[in-house]
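Requesting a structural model of the entry that follows:
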Amino acid sequence: MDKNSTAELTRRMARGDTNALAVFYERWFAMMFAEARRQCRRDESFCMDIVQDVVLRIIKRMPPMRTDAQLASWLRTVVRSCICDRLRSEHARLRREQTRTLPRDVHDPDDEFSQERLRWLTREIDRLDEKLRRPLLLRVMRGWTLAQIGQALGLTPGAVDGRVNRALQILRRGAARTGAMHDD
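Have a look, this model is predicted:
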């Protein structure tokens, strides 16, 4: 049996095969993203969060499927469930925030500590590999969509998402290691 057929791929994923998950993500990312956009009609960022939620659920429980049609139908259901869960969570968060007061001690963006954070972040971004830095800057500085970045760089939206996430992980680890982003 072909190791990348739907039946074999989902069977391998159900056993926790990370290579199968990577193949699945590459093959099904566009469908999951499009389905999230279609079902909730929200912005790209929200839909990317939905796809991430779907993948997390799949990692926990992936039933073996026989056909692409069966898998697509199941994925549409999982996308809908993740949208409902995220909207419920968002609604609850908004209610909580409405009952809170703003903190009195908010840092001035012009203070020295904030300026040092910005200098640190700029240095760390400059140190990133070009394959990670360029998609990150196009996403953050220009506000391009994953599809726009992918088209400009000759990548799939899923590959762009992976590179942006890797860049952010590197920056977060560096911040945690150096304490650069904490105001103790």
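
Which parts of this structure are helices?
Using DSSP state H, the helices of the chain run over residues 6-14, 18-40, 44-60, 68-99, 112-127, 130-140, 146-153, 157-178.

out of those, deepest packed?
Mean neighbour count (mean count of other C-beta atoms under 10 Å) peaks for helix 6-14 among the helices of the chain, with a mean of 19. For the C-beta atoms, the positions are set from N, CA and C on the backbone; glycine is no exception.

can you put the helices of the chain in a markdown table and add mean pLDDT?
What follows is the helices of the chain, written out as a markdown table (pLDDT from 0 to 100):
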| stretch | mean pLDDT |
| --- | --- |
| helix 6-14 | 92 |
| helix 18-40 | 94 |
| helix 44-60 | 93 |
| helix 68-99 | 90 |
| helix 112-127 | 84 |
| helix 130-140 | 91 |
| helix 146-153 | 90 |
| helix 157-178 | 89 |
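
Let me see the domain layout of the chain.
6-99, 112-178 (automatic domain parsing).

Now the terminal residues of stretch 31-49, how far apart.
Start-to-end span of stretch 31-49 (C-alpha to C-alpha, to the nearest Å) is 14 Å.

Could you check how far it is from the centre of its chain?
Here stretch 31-49 is found 12 Å from its chain centre; the criterion is C-alpha atoms, centre = their mean, to the nearest Å.

try stretch 129-143
15 Å.

residues in contact with it?
If you take C-beta atoms under 8 Å, 6 or more residues apart in numbering as the criterion, stretch 129-143 is touched by 125-126, 128, 144, 146, 148-149, 152-153, 155, 160, 163-164, 166-168, 170.

Wait, residue 160 touches residue 151, no?
No - at 9.5 Å, residue 160 does not count as touching residue 151 under the criterion of C-beta atoms under 8 Å.

how close does residue 77 sit to residue 86?
15 Å (C-beta to C-beta, to the nearest Å).

swap that for residue 22, sorry
Applying C-beta to C-beta, the value for residue 22 to residue 86 is 24 Å.

next one: residue 7
30 Å.

Then residue 129?
32 Å.

ok, residue 82 - contacts?
By C-beta under 8 Å, 6+ apart, the neighbours of residue 82 are 36, 50, 53, 54, 57.
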